[in-house]
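please find the sequence and the predicted model below.
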Amino acid sequence: MKPVYYRLENSWNPNGGPNGEFTFTLFNLSDEALSGFKLVYTSLTRVIDAAACGNATFLRRNANFHEFGPPAGLSVAPGESWTFTVAGLHRKAQHCTDGAKSAYLTLSSGKHVPVAVSDLLLEGAASEPPPVLLPEGRLDLPFALQPWPAQIDAKPGDDFPVVLYPQGASSEELSAISTVISLTRRLFESDHSVFNLVPSPQGRALTFSKDAALDAEAYKLTFAADRVTLAYSGAAGRQYGLTTLAQLLNGARVTKGKFRFPISGTISDKPRYGWRGCHLDVSRQFYPVADVKRLIDILAWFKLNIFHWHLSDDEAWRLEIKAYPQLTTTGVLRGPDEPLLPQLGNGAEPVGGFYSQDDIRDIVAHAGALNVEVIPEIDIPGHNAATLIALPDLTDGQEAPDSYHSVQGYPNNALNPAVALTYEFLEKVFDEMVELFPSTYIHIGGDEVANGSWLASPMAKKLMEEEGITNGTFGLQSYFLKKVKAMLTARGRKLSGWNEVSHGGGVASEDTLLMAWENPQVGIELAREGYDVVMTPGQAYYLDMVQATAFQEPGASWAGTVPPAHTYAYEAAGEFPEELQHKLKGVQACIWSEHFLSRGYFNRLVFPRLPAIAEAAWTPKALKDWDRFAAIVPLSPKL
């Protein structure tokens, strides 16, 4: 690791202006004086008043990228520091991750050098210890099961088998056991295998039974002193039954008596919802193939069956499209001298990363073997700053830059519905996507287009006149998305999107599934409009949200504080009227990556809330038990 010769400390004073004030101190830890430089930091708490700086000059901003110059003639000697203040913020800082996420210096020579950054401190406040997020828990039945089954009537044994081994199994059943052996060994590398394919004198026989009366995702386990019988009708149910056995046996092994393996009785199980999802944003931060596959392994362990892969956003386009190689060259590389400037954690060194089509095939096959369906998302028409930088011909060249409307600080980040090339571009992208992803749905985003977008575009004005569009931005968005839905229908796919797809007249509700993220009430409104709905409200299921109110806690806070107990207790059905219950297709966790700058932050924020959502997706409401969950969830695998 290269030494870092500069460090940026930052704090926030809530009394420094309408939205408080940052104080930044740059320490020169090198052996040379520092002068004639510029300082850049990235922060989600954006500066909107360029004049509100003290002892520095605000030079420019692009979304979360902020560049400052020191006072004329300033020289920072070795061991000394420079302090400046920044007010004029677009919102208050509420948590330690609301300050600078990364920083670098541009020296007088033009060279870019890294600057280490500390978490944001709250001025005048003492650091509090981390909150206790889980109670010790309580077990009525000593079984290590996540999620808890729909029905269990089993008696714990005094000991447990060394392994389970198949008896009279078919080749498909042997392959299914092998798949779960591999899954368990990947997730718990140092633990003893729970299955053998050959008999063991210290083991217990596992027999299989096909039962056409069971649902495809259902299974039934019958326990006896000399054997376990797994009944199933489909491959998914068989896998879930094997996973339950793996959890039971592994939990009994590693906890020395806290958890046990059944000696008699039954487990009859099936999921509560058909859509049990987890989303991952790979645009803000890039996750290597191995991390994506491990996350899918974790989903399979928790019997989640949907991996929603958010592959494009303002910060990068991560999906290789052979018709447009610029998307994964210009459209992914962020750096000081690149068209995409540093954002959200990167600094002096350029960063890129994308998934080749071979990577996609590998990941889709890996997920399919575990009965996880990969739902790809390209976010359109908004959140396309990277796309428009990579493919500038998709813009209306007559539109004045000062007329652009922005979301999250990005100017002109929405594909223009009046540019004919937009549809040619999407046709080619969808052609390649349907060859890569066998999923029923393709997710097209549809969220957070700024009200006012396109209204200064001469081409958009002409389109509105020709098509009789009178309700502005969202009428144009509806026009655009109807064309997108037709493209997907022609390719045999269904449209999925965020709840804003319904704006401006929306699209036809038939074969459309929308995700309610802004708040729970939105889901009921969508169902009333005829849409199928997946509930993923930020107030409960966004795993980037902070888990406690203390300033030192990491994460976002726009949806409030979301401790694991709240995530666990939240009921997606909520106030859904009985006549709309059939429109609720399931629930989904969302992992937005603005704050996930390290593996530690990822695991701290995602767990134990991801297994909490898995239990909400699977376990009947009447059987949910927070104390039992708290006792079992420490066994969860992590990334």
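Okay, I see it. Source: prediction; values computed, not measured. Numbers count the residues shown, from 1 in each chain.

model confidence score at the nearest residue to Asn519 once chain neighbours are set aside, please.
The shortest distance from Asn519 to any non-neighbouring residue, by CB to CB, 6 or more residues apart in numbering, is to Pro537 (5.7 Å). Every residue, glycine included, has its C-beta placed from N, CA and C. Reported pLDDT at Pro537 in the predicted model: 97.

just give the number of residues close to Ser439.
Counted with other CB atoms under 10 Å, residues neighbouring Ser439 total 22.

partner residues bridging the closest residue to it other than its chain neighbours?
Spatial nearest neighbour of Ser439, excluding adjacent residues (CB to CB, 6+ apart): Ile375 at 5.1 Å. Beta-bridge partners recorded for Ile375 (DSSP bridges): His308.

how about the secondary structure of His366?
helix (DSSP: H, G, I helix; E, B strand; the rest coil).

likewise for Thr207?
On the three-state scheme (three-state DSSP), Thr207 is labelled strand.

residues in contact with it?
Shown in contact with Thr207 (CB atoms under 8 Å, 6 or more residues apart in numbering): Pro166, Gln167, Gly168, Ala169, Arg227, Val228, Thr229, Leu230.

hmm, Glu173 and the first one touching each other?
Yes - with contact defined as CB atoms under 8 Å, Pro166 reaches Glu173; the gap is 6.5 Å.

now the common contact residues for those two.
In contact with both Pro166 and Glu173: Phe208, using CB under 8 Å, 6+ apart.

picking that back up, tell me how far the residue nearest to Ser439 lies from Gly99.
34 Å (CB to CB, to the nearest Å).

neighbours around the residue nearest to Ser439, how many?
Ile375, neighbours per other CB under 10 Å, totals 21.

what are the ranges of the helices in the chain?
Using DSSP state H, the helices of the chain run over residues 171-187, 235-255, 289-301, 357-369, 385-390, 420-436, 458-467, 472-490, 520-528, 538-541, 564-569, 599-606, 609-618, 626-632.

any buried residues in stretch 108-121, and which?
For stretch 108-121, the neighbour count (16 or more other CB atoms under 10 Å) marks His112, Val113, Pro114, Val115, Ala116, Val117, Asp119, Leu120, Leu121 as buried.

can you lay out the residues you listed as CSV showing distance to Gly555?
Formatted as CSV, those follow (distance: CB to CB, whole Å):
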residue, distance to Gly555
His112, 29
Val113, 29
Pro114, 24
Val115, 23
Ala116, 21
Val117, 17
Asp119, 12
Leu120, 13
Leu121, 17
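
which one of the residues you listed is nearest to Leu455?
Leu120 (37.1 Å; CB to CB).

how about that closest one: what's its closest non-neighbour residue?
Nearest in space to Leu120, with sequence neighbours left out and distances taken as CB to CB, 6+ apart, is Gly99 at 2.9 Å.

wait, the one you found touches Asn13, no?
No - using CB under 8 Å, Gly99 makes no contact with Asn13, being 11.9 Å away.

higher neighbour count, these two?
Gly99 (23 against 16).

just give me the neighbour total for Leu635.
18.

mind checking how far it is from Phe65?
Distance, Leu635 to Phe65, by CB to CB: 41 Å.

what do you get for His112?
His112 is 13 Å from Phe65, by CB to CB.

ok, the residue nearest to Trp12 when sequence neighbours are not counted - how many residues close by?
In space, and not counting its chain neighbours, Trp12 is closest to Ala93: 4.3 Å by CB to CB, 6+ apart. Neighbours of Ala93 under the rule other CB under 10 Å: 25.

I'd say Ala93 and Leu120 touch.
Yes - look at Ala93 against Leu120 with CB under 8 Å: they come within range, at 6.2 Å.

what's the overlap in contacts for these two?
With CB under 8 Å, 6+ apart as the test, Ala93 and Leu120 both reach Trp12, Gly99.

for the closest residue to Leu121 other than its chain neighbours, which residues are in contact?
Distances taken as CB to CB, 6+ apart put Ser11 closest to Leu121, at 4.2 Å, once the chain neighbours are dropped. Counting by CB under 8 Å, 6+ apart, Ser11 touches Phe22, Thr23, Gly99, Leu120, Leu121, Leu122, Glu123.

same question, Leu327
Leu327 makes contact with Trp317, Leu319, Glu320, Ile321, Ala386, Thr387, Ala390, Leu391, according to CB under 8 Å, 6+ apart.

can you list these in CSV and add neighbour count and pLDDT?
Below are the contacts of Leu327 laid out as CSV (neighbours: other CB atoms under 10 Å; pLDDT from 0 to 100):
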residue, neighbour count, pLDDT
Trp317, 31, 98
Leu319, 26, 98
Glu320, 20, 98
Ile321, 22, 98
Ala386, 27, 97
Thr387, 30, 98
Ala390, 23, 98
Leu391, 20, 98
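
any chance of those in CSV with distance to Lys38 as columns?
Formatted as CSV, these follow (distance: CB to CB, whole Å):
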residue, distance to Lys38
Trp317, 28
Leu319, 34
Glu320, 35
Ile321, 35
Ala386, 24
Thr387, 28
Ala390, 26
Leu391, 30
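
worst mean pLDDT across the helices and strands of the protein, which element?
Across the helices and strands of the chain, mean pLDDT, DSSP states H and E gives its lowest value to strand 406-407, namely a mean of 72.

tell me the confidence at Ala125?
85.

hang on, the earlier thing: quick check: the residue nearest to Ser439 vs Arg493, distance?
10 Å.

residues in contact with Gly504?
Contacts of Gly504 by CB under 8 Å, 6+ apart are Asn471, Gly472, Thr473, Phe474, Gly475, Leu476, Gln477, Ser478.

6 Å instead, please
Neighbouring residues of Gly504 by CB atoms under 6 Å, 6 or more residues apart in numbering: Asn471, Phe474, Gly475, Gln477, Ser478.

ok, and the most crowded of the residues you listed?
Counting by other CB under 10 Å, top hit in these: Gln477 with 28 neighbours.

only alpha carbons, please: show stretch 481-494 as PDB.
The C-alpha trace of stretch 481-494 is given here as PDB (Å, rounded to 0.1, in the frame of the first residue of the first chain):
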ATOM      1  CA  LEU A 481     -42.200   4.400 -21.500                       C
ATOM      2  CA  LYS A 482     -45.100   3.200 -23.600                       C
ATOM      3  CA  LYS A 483     -42.700   2.900 -26.500                       C
ATOM      4  CA  VAL A 484     -40.300   1.000 -24.200                       C
ATOM      5  CA  LYS A 485     -43.000  -1.300 -23.000                       C
ATOM      6  CA  ALA A 486     -43.900  -2.100 -26.700                       C
ATOM      7  CA  MET A 487     -40.200  -2.900 -27.300                       C
ATOM      8  CA  LEU A 488     -40.200  -5.400 -24.400                       C
ATOM      9  CA  THR A 489     -43.500  -6.900 -25.400                       C
ATOM     10  CA  ALA A 490     -42.200  -7.500 -28.900                       C
ATOM     11  CA  ARG A 491     -39.300  -9.400 -27.400                       C
ATOM     12  CA  GLY A 492     -41.500 -11.500 -25.200                       C
ATOM     13  CA  ARG A 493     -40.600  -9.700 -21.900                       C
ATOM     14  CA  LYS A 494     -42.600  -7.900 -19.300                       C
END
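
burial measure for Glu500, as a count.
Considering only other CB under 10 Å, Glu500 is surrounded by 21 other residues.

do I have it right that it meets Asp447?
Yes - with contacts counted by CB atoms under 6 Å, Glu500 reaches Asp447, the gap being 4.8 Å.

where in the chain is pLDDT low?
1, 400-406 (pLDDT under 70).

quick revisit: from the contacts of Thr207, which ones fall inside strands?
Residues of the contacts of Thr207 located in strands (DSSP state E): Pro166, Arg227, Val228, Thr229, Leu230.

out of the residues you listed, who has the most neighbours?
Leu230 (27 neighbours).
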